[in-house]
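Colleague: Generate coordinates for the sequence data below:
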Amino acid sequence: MISININTNIPIFEQIVLEIGKLIALDILKPNEKLPPVRTLAKDLGINPNTVAKAYSECESQGLIYSIPGKGSYITTQTNSLTNLVEGAYEELNECIIKLKSLGESA
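Modeller: Below you'll find the model as predicted:
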């Protein structure tokens with residue numbers, strides 16, 4: 001479900017946040033669906049549990065998920081939290097297009 005790329009400059013915790021956002025946007029992860037526990041996801045991805053905990057914390061601060069102490073982390077029911085991720089992706093895409101045009105590439 002969640003995958004990471006070790007051959008990129010994007011920090012692993014950010015990749016997890018982006019993956020969760022993408023899975024929500026694609027309606028693969030549904031509102032109130034439980035995410036894997038931190039240790040389980042860390043083991044599956046072969047990474048440190050602290051990295052997953054940091055990613056979940058960032059997802060929660062962005063409004064993508066909510067946590068219930070002792071129960072786990074769940075997908076939020078509010079879809080407006082995806083707006084920030086989508087806007088950020090469009091900004092990055094626009095920057096890439098501008099850079100390509102400055103290098104002589106055409107649209």
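Colleague: Show me what secondary structure element comes after the helix or strand containing residue 50.
Modeller: In the assignment (DSSP states H and E), residue 50 maps to helix 49-61. Sequence-wise, the next helix or strand downstream of helix 49-61 (DSSP H and E) is strand 65-68.
Colleague: what pairs with that following strand, and is each one parallel or antiparallel?
Modeller: Sheet partners assigned to strand 65-68 using DSSP bridges are listed as strand 72-75 (antiparallel).
Colleague: Now do the buried residues in the strand it pairs with.
Modeller: 73, 74, 75 (16 or more other Cβ atoms under 10 Å). For glycine as for every other residue, the C-beta is placed from the backbone atoms N, C-alpha and C.
Colleague: Can you tell me which of the residues you listed is nearest residue 55?
Modeller: residue 73 (10.1 Å; Cβ to Cβ).
Colleague: Tell me what the closest one is bridged to.
Modeller: Residues in beta-bridge contact with residue 73 (DSSP bridges): residue 67.
Colleague: In contact with it: list those residues for me.
Modeller: Applying Cβ atoms under 8 Å, 6 or more residues apart in numbering to residue 73 gives the contacts 34, 35, 56, 59, 60, 65, 66, 67.
Colleague: redo that, cut-off 10 Å
Modeller: 20, 33-38, 41, 52-53, 56-57, 59-60, 64-67 (Cβ atoms under 10 Å, 6 or more residues apart in numbering).
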